[in-house]
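# Have a look at this prediction, sequence included:
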Amino acid sequence: MAISSSAAKQRRQSLKRRLRNKSVESEVKTIVTRARKAISTGGEGAKEAVVTAQSALDKAAEKGIIHKNNAARRKSRLALRLKTAAKPAAKPSAKKKKA
């Protein structure tokens with residue numbers, strides 16, 4: 001229980017901020033999950049889903065909800081997944097034996 005009025009106000013503010021941050025964080029998680037699913041299914045909308053996810057991560061980092069390096073790492077991993085999914089799997093070449 002807050003003793004002073006300023007402590008009570010601080011508690012109200014932190015509760016509001018926590019709810020707002022949780023909402024944005026949840027939305028980002030949902031968007032990133034959609035992008036991962038789009039990549040794994042190989043649909044045509046995979047690139048757009050990744051762009052949307054990267055934008056959402058940037059906005060969350062800008063608001064201070066997630067750290068900017070965390071956003072950069074997650075964006076990089078999404079881009080890597082998209083790149084590897086787009087590239088056809090290379091067949092392992094037969095090794096040449098030395099005579």
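Here it is on my side, so go on. Given the structure is predicted, the values throughout are model-derived calculations rather than measurements.

# Now do the contacts for A56.
By CB atoms under 8 Å, 6 or more residues apart in numbering, the contact list for A56 reads 27-28, 31-32. For every residue, glycine as well, the C-beta is placed using N, CA and C.

# And for A49, the neighbour number?
Using other CB atoms under 10 Å, A49 has 21 neighbouring residues.

# same check, this time on I31
19.

# Find me the pLDDT at it, would you?
Note for I31: predicted pLDDT of 97.

# which helices and strands sit right next to the helix or strand encompassing it?
Remark: I31 resides in helix 5-41, with elements defined by DSSP states H and E. Applying 3 or more CB pairs under 8 Å, 6 or more residues apart in numbering; DSSP states H and E, we find helix 5-41 packed against helix 46-62, helix 68-86.

# by how many degrees do that helix and helix 46-62 diverge?
Put simply, helix 5-41 runs at 160 degrees to helix 46-62, going by axes from the mean of the first three to the mean of the last three CA atoms, to 10 degrees.

# buried sites along helix 5-41?
The neighbour-count check on helix 5-41 (16 or more other CB atoms under 10 Å) flags 24, 28, 31-32, 35-36, 38-39 as buried.
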